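Colleague: here's a sequence, model it:
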Amino acid sequence: MTNKYLSYDSQRAPKVREMFSRLAWRYDLVNDIMSFGLHRRWKRDTVRLGLGAAARAPRWLDLCCGTGDIGFRAEGARPGARVVGLDFTFPMLTVARQRGSKAGSRARCVQGDALNLPFADRSFDAISVGYGLRNLADIPRGLAEMLRVLAPGGRAVVLDFGKPDNPVASVLYWGYLKIVMPMMGLLFHGDPDTYAYIPASLERYPAQRGVEKLVQETGFVNARFEER
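Modeller: I've put the predicted structure just below:
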């Protein structure tokens, strides 16, 4: 499947940034529609897993934070949490900052590269990545950076699309993504490739089992995946 926003060369990051810059202002609305609101539950589960046995006021890093959804949820779930959201797409960060300002959030939203994090070693007790790992130009490097800034005993949680094992579920899943996603892109952004990017980017993505293996190879311990 060809997609103008997807490449596997030096243009990967610029193309992803271009796409998300275009999506930013309707990103939350489209997430609600295309997931039937289920993304809210998945993000709550991500926060729950990330907090785990974390300190009373954990240092939380939300990578590829987009409009800030997961970080704001972490802040709300654990008053006193010190949240930093990082993304390399300025329009996404603009939406996140506007949301945070309206909600009275103390979370910081910073522009930066997930492959070269501007933080010291062991800076965070929890790290989340919501639908972002798949978009990195170098997934192993991104995981290595996550491990570097994660404090001992901390948790990292990756939320993303998987690949169903059940044949019937797989047909329905891929059918939905390949038919509905282009329609969403055309309807909300006048460009079917914006959301057709999702199934296209999944073709080479290692998904749940492959990511679990990469996480283990990076040096994380007690790595596992859960399916929803």
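
Colleague: would you indicate which residues of the longest strand seen in the chain are buried?
Modeller: Determined from DSSP state E, the single longest strand within the chain is strand 150-159. By neighbour count on 16 or more other CB atoms under 10 Å, the buried set for strand 150-159 is Leu150, Ala151, Gly154, Arg155, Ala156, Val157, Val158, Leu159. Heads up, the C-betas are built off the backbone N, CA and C, glycines and all.

Colleague: also stretch 214-222?
Modeller: Leu214, Val215, Thr218, Phe220.

Colleague: which of the residues you listed sits closest to Leu187?
Modeller: Leu214 (34.7 Å; CB to CB).

Colleague: in PDB, list the C-alpha atoms belonging to whichever strand or helix holds the closest one.
Modeller: Per DSSP states H and E: Leu214 is located in helix 207-218. The C-alpha coordinates for helix 207-218 follow below in PDB (Å, rounded to 0.1, in the frame of the first residue of the first chain):
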ATOM      1  CA  ALA A 207       3.000  -5.100  16.300                       C
ATOM      2  CA  GLN A 208       2.500  -6.500  19.800                       C
ATOM      3  CA  ARG A 209       4.800  -9.600  19.700                       C
ATOM      4  CA  GLY A 210       7.500  -7.900  17.700                       C
ATOM      5  CA  VAL A 211       7.500  -4.800  19.900                       C
ATOM      6  CA  GLU A 212       7.700  -7.000  23.000                       C
ATOM      7  CA  LYS A 213      10.800  -8.700  21.600                       C
ATOM      8  CA  LEU A 214      12.400  -5.300  20.700                       C
ATOM      9  CA  VAL A 215      11.600  -4.000  24.200                       C
ATOM     10  CA  GLN A 216      13.300  -7.100  25.800                       C
ATOM     11  CA  GLU A 217      16.300  -6.700  23.500                       C
ATOM     12  CA  THR A 218      16.700  -3.100  24.500                       C
END
